[in-house]
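Asks: from the sequence below, what's the structure:
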Amino acid sequence: PYTVTAKVIHLKDGDSFVVLDAKNNKIEIRLLDIDAPELHQPFGKKAKEHLSNLIKEKTVTINYEKKDRYGRLLAHVFLNKLNLNQEMIRAGYAWHFTRYSTNKNLQKLENNARKKHLGLWYDKNPTAPWIWRAEHKRKKKSK
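Replies: Predicted coordinates:
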C-alpha cells in the first residue's frame, strides 16, 4: 500500500474527489468499499454536500493500492483520524459496496444507518447506485 497526503480541491460526488499533492499534481480519488448515490439520483447532492463539508480545502491522508479503470486511486481516506469511507456509510450517505468488499465493519455501519433511517435510508426503498446506473444506461441506449 501507498500513502499520500494532499489537499482536497474539488468534490465530484459523494465518493470521489480531486486532490493536489505536494508536487502540485492533481489526483482523482475514489473512496474504496463504498458507493454513494449518483448526483442525479435522490440523496446524490446531499451525499456530495456531506463529504464536501468534511473535507473541502482540507488536507487528507490517502491510503491506496491501485487505480480503477478510470484512473482514480481506490483509497481509504482519513481526515486526521476520521475514516471518511466509514463516515459516509455511518452518516447514511453511501452503501457498503459488497460487490467488491467483505469489510464486516462497513456492513455493521450500514445496518445501523438503515435502522436509524439516516441520510438516504430516510427513503423507504432507496435505489442502490449500481442499479440506478444500469437503469439509466439502458434508457440512454433506447433513445
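Asks: for the protein, what helix or strand is lowest in average pLDDT?
Replies: The element with the least model confidence among the helices and strands of the chain, by mean pLDDT, DSSP states H and E, is helix 129-142, at a mean of 80.
Asks: and residue 107, how close does it get to residue 83?
Replies: Shown here: residue 107 relative to residue 83, a distance of 15 Å by C-beta to C-beta, to the nearest Å. Where C-beta positions appear, they are placed from N, C-alpha and C, glycine not excepted.
Asks: correction: the previous question concerned residue 91.
Replies: In terms of C-beta to C-beta, residue 91 sits 12 Å off from residue 83.
Asks: which residues in this protein form strands?
Replies: Counting by DSSP state E, the chain forms strands over residues 2-11, 16-20, 26-31, 34-35, 59-67, 73-79, 82-83, 95-96, given from the N-terminal end onward.
Asks: separation between residue 113 and residue 35?
Replies: 14 Å.
Asks: please disregard the earlier target; I meant residue 104.
Replies: Applying C-beta to C-beta, one obtains 17 Å for the distance of residue 104 from residue 35.
Asks: so between the two, which is more surrounded?
Replies: Neighbours of residue 104 and residue 35, each counted by other C-beta atoms under 10 Å, are more numerous for residue 35; the result is 24 against 9.
Asks: so residue 87 sits against residue 55, correct?
Replies: No: with contact defined as C-beta atoms under 8 Å, residue 87 does not reach residue 55; the gap is 9.7 Å.
Asks: pLDDT weak spots in this structure?
Replies: 138-143 (pLDDT under 70).
Asks: what's the burial count for residue 115?
Replies: 9.
Asks: same question, residue 70
Replies: Here the count is done by other C-beta under 10 Å, and residue 70 has 8 residues near it.
Asks: again with residue 107
Replies: Other residues within reach of residue 107 by the criterion other C-beta under 10 Å amount to 16.
Asks: good, wrapping up.
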